[in-house]
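sequence first, then the predicted structure:
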Amino acid sequence: MNTVLLVQSLIGGIIMGSVYALLGVGFSLTWGVMRVIHISHAAFGLIAAFVAYGCLQRWGIDPIASLVFMVPLLFCCACFVYRFLILPVTKAREVIVSSMILTFGIAIIVENIMLLIWGPDPRLITTWYTSRVFIVGPFYFQYAPVAGFVMAVAGVGVIHLFLKKTYTGKAVRAAWQQSDAAQLYGVNLTRISMITFGLAVGSAGAGGVGLALLYSFEPHAHNLWLIYLFLVVIVGGVGNVLGTAAAGVLIGIITGLSLAFLPYQWVNPLTFGLLMAVLAVRPHGLFRSEV
Amino acid sequence: MASVCPTKTAKKVVGIALLSAILLVFPWLGPPVYFISFLYTVFMFVCMASAWNLIGGYAGYLSFGHAAFFGTGAYAAAMLTKAVGPGTASNLLCSIPSGLVAAVIALVVGYPCLKLRGPYFAVITLCFAFVVQLSVQNLGVLGGPDGLWIKGMDLPVETGRSILYESMLLLMAITILVVERIEHSKFGAGLRAIKQDEEVAQTMAVNAPRLKMGAFALSAFFPGVAGGLHASYLTYIHPTIVFDVNMSILIVLMALFGGGASWLGPVVGAVLLSFINELLSTFVKAELARIIYGSLFIVVIIFMPNGIMEFIRKRKQTGSPH
C-alpha cells in the first residue's frame, strides 16, 4: 500500500468526520439536554446548504460568508419551532417517542419544501476556490474541504466555550445534569431549552454548509446525514460536545482507512456495523459523558 | 371494558363476521384490479403494524428496523421458490418458512440488541436494517444491485391478485388474532410490565429477556411471511424496495398513530394512514401531499400524544357519565 495515498485518504476522512461532528454537536445537545431526538436536525442543515447554494448562484455570496445571516435566521426559526411544536410535546408521557414522531413530521415537511423550491437534482457548490489545491510535501489539500474543516473546528470550539464559560452555557449544563435542581436555582428551563434548540439548529446550518463544501447534495440527502449523526453522537456519548468531536475524527479515520483498503460499497455497511458493535458493547458511548 | 353487556359483544361478533365476509368475497365480485391491489397493501400494513406492536407497543421497545424482516422474508421466499420450483401453491407456501427465517434472524439480532433500551434500541435496529440492506445489495448470491426476479404464478392478473389478496387477508386475520390473544394473556401482561418498569417487572418474576426475545421473534415472523407473499406480488425484488427504511418508519408511525396500547390501535392506524396516503397521492401534487402528510404527524402527536384510540376512549369516558 502506498503510504502517501493512505495518509491522503486519512486526511480526507478526518475532514469529513469533523464536519459531521459539527453537524452532530447540536443533535447531541438537544438529545442530552432536552431529551428530544431531533430527526429533522439534518434537514435543517440541508436547507442551510440549499440557501447557501442559492445565495451563491444569485448574488455570488460566499457560502461561508452567508452563514453570518443564516445562523441567526435558523436560530429564530428554531425558537419558533420549539415554542409552538416541541414545547407542547415535552409535557407528554413519553417525550422521546413523541418528539421523534413530531420531528419526523417536520423532516418530511422540510424535505418536500426543498423539493418544491429546488427540485430533486443533486447540487454542487462551486466557488472560485473549489478546484484550487495547495500542496504540502507530497499531499494535496483542496481549498473547499479545508475551509469546511476549519469551520468545523471553529464551530465546535465556540459551542464548547459557550457551554463552559458563559452564564447561559452553564445554565444549559445545569439543566442537563439536574433539571429540577437547576430550576430551584433560578434557571428558566423553557428559555434554556429554547436557546439550546436554537443554537443546535444554528450549528446544524453551519454543519450543513460544511458538508455542502465537501459533497453534492439533494433534498433527500438528510436521511444519510442523519445516520451519520446518530453514529457520531452515540459513539461520542449523548450530550458530550468534545466526545462528539472526537467521535467525528475517529469515524473519519475509520472511514478513510476502510476507503483505502475496502471496495467502496462495503464502507457504509462497515461503518453501520461498527455503530452496532459500539452500541452493543458500550451503549453510552466510548467517552465518559460529562458536559 | 369490564361491564360489556352480552348484546354488545354479540353485536361486535356479528360486525366482525360481516366485515370479514365482505372482505372475503370482494375480489370475486369483479372490481377493478386497482382496488384489490390497494386493499392488499392495506392488509399488508395492518399485518406489519400489528406484529410490530408486540415489541413496540406492549413492551415499549421501538424497533425501527422491521423492514429488515420484511425484506428478509421476501428474499428468502425468492430463493426458496427458485429451489422448490415456482407455482401458485409453492409461491404461497414458501412464505411461511420465509417468516421463520426472519424470526430466526430476529432471535440472533435480538439477543445483543434487546439489552439496549429507549432510543438506543431504536437506533441499533435502524442501523441493523441499513446493514442488511447494504449487505444484500453487495452480495452477488442474492442478485446484488440487480435484484431478483421471481417466477410469478402463471395466472391472469385478476386471479393472481385475488389469490394474493385472500392470502394476505388470511395472514392479517391470523396476525390480529394472535396479537389479540397475546394481549389478554400472561405473556402480554409481562410485556406491559416490562414497558412500565423493567427492573420491577423482573423482581416480580417476569423473565424479561425471554419475553422480549419471544415478542421480537414473533413480531418479525409475520412481517417475514408478508414479505414472502409480497415477493410473489412484485415478481421483482430489489434491496432498495423491500428493505426501504421509510417502510420501517411507516410501520412505527402507523402503530403509534392508532395507539400502541391495544391491538385495535395499529389496525386503525394502518388503515387510516394507508387511506390518507392513497387519497393524498391521487388527488394532490406529490410534494404537497407529503407536506400535508408530515403535518398530520405533528397535529396527531400534539393533540393525541397517545394515539387516536386512546383519544377516542378518553373522549368517551368524559362524555358519558359511567
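Everything's here; your move. Residues are numbered from 1 along each chain as shown, chains lettered A, B, ... in the order given.

pull the number of nearby residues for residue 256.
Since you didn't name a chain, this refers to chain A. By the criterion of other Cβ atoms under 10 Å in any protein chain shown, A:Gly256 has 23 neighbours. Glycine gets a C-beta too; all of them are placed from N, C-alpha and C.

I was thinking of chain B, sorry if that wasn't clear
Counted with other Cβ under 10 Å, B:Leu256 comes out at 30.

what of B:Ser95?
Neighbours of B:Ser95 under the rule other Cβ under 10 Å: 26.

and it, how far is that from chain A?
27 Å (Cβ to the nearest Cβ, to the nearest Å).

ditto for B:Phe35
27 Å.

ok, the residue nearest to that residue when sequence neighbours are not counted - contacts?
Spatial nearest neighbour of B:Phe35, excluding adjacent residues (Cβ to Cβ, 6 or more residues apart in numbering or on different chains): B:Phe26 at 7.9 Å. Counting by Cβ atoms under 8 Å, 6 or more residues apart in numbering or on different chains, B:Phe26 makes contact with B:Phe35, B:Ile36, B:Leu39, B:Tyr165.

got it, and B:Val101?
By Cβ under 8 Å, 6+ apart, the neighbours of B:Val101 are B:Thr72, B:Gly73, B:Ala76, B:Gly224.

redo these as JSON lines? Include secondary structure.
As requested, the contacts of B:Val101 are exported to JSON lines (DSSP: H, G, I helix; E, B strand; the rest coil):
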{"residue": "B:Thr72", "secondary structure": "helix"}
{"residue": "B:Gly73", "secondary structure": "helix"}
{"residue": "B:Ala76", "secondary structure": "helix"}
{"residue": "B:Gly224", "secondary structure": "helix"}
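
of those residues, which pair is most distant in space?
Maximum pairwise distance among the contacts of B:Val101 (Cβ to Cβ): 7.3 Å, between B:Ala76 and B:Gly224.

okay, these two: which has more neighbours?
Remark: of B:Ala76 and B:Gly224, B:Gly224 carries more neighbours, 32 against 23, as counted by other Cβ under 10 Å.

residues contacting that one?
By Cβ under 8 Å, 6+ apart, B:Gly224 lies in contact with B:Phe69, B:Phe70, B:Thr72, B:Gly73, B:Ala76, B:Ser98, B:Gly99, B:Leu100, B:Val101, B:Ala102, B:Ala103.

closest one to chain A out of the contacts of B:Phe26, please.
The nearest member of these to chain A, counting by Cβ to the nearest Cβ, is B:Leu39 at 25.2 Å.

following the helix or strand that B:Ala68 is a member of, which helix or strand comes up?
Taking DSSP states H and E as the definition, B:Ala68 sits inside helix B:66-84. The helix or strand immediately downstream of helix B:66-84 is helix B:88-93, counting by DSSP H and E.

what comes up buried for that next one?
Buried residues in helix B:88-93, counting neighbours by 16 or more other Cβ atoms under 10 Å in any protein chain shown, are found at B:Thr88, B:Ser90, B:Asn91, B:Leu92, B:Leu93.

quick one: average pLDDT of that helix?
Helix B:88-93 shows an average pLDDT of 81 in the prediction.

also stretch A:134-147?
Stretch A:134-147 comes out at a mean pLDDT of 81.

do the same with stretch A:182-190
Rounded mean pLDDT across stretch A:182-190 is 82.

you'd agree A:Ser258 is up against A:Pro269?
No - with contact defined as Cβ atoms under 8 Å, A:Ser258 does not reach A:Pro269; the gap is 9.9 Å.
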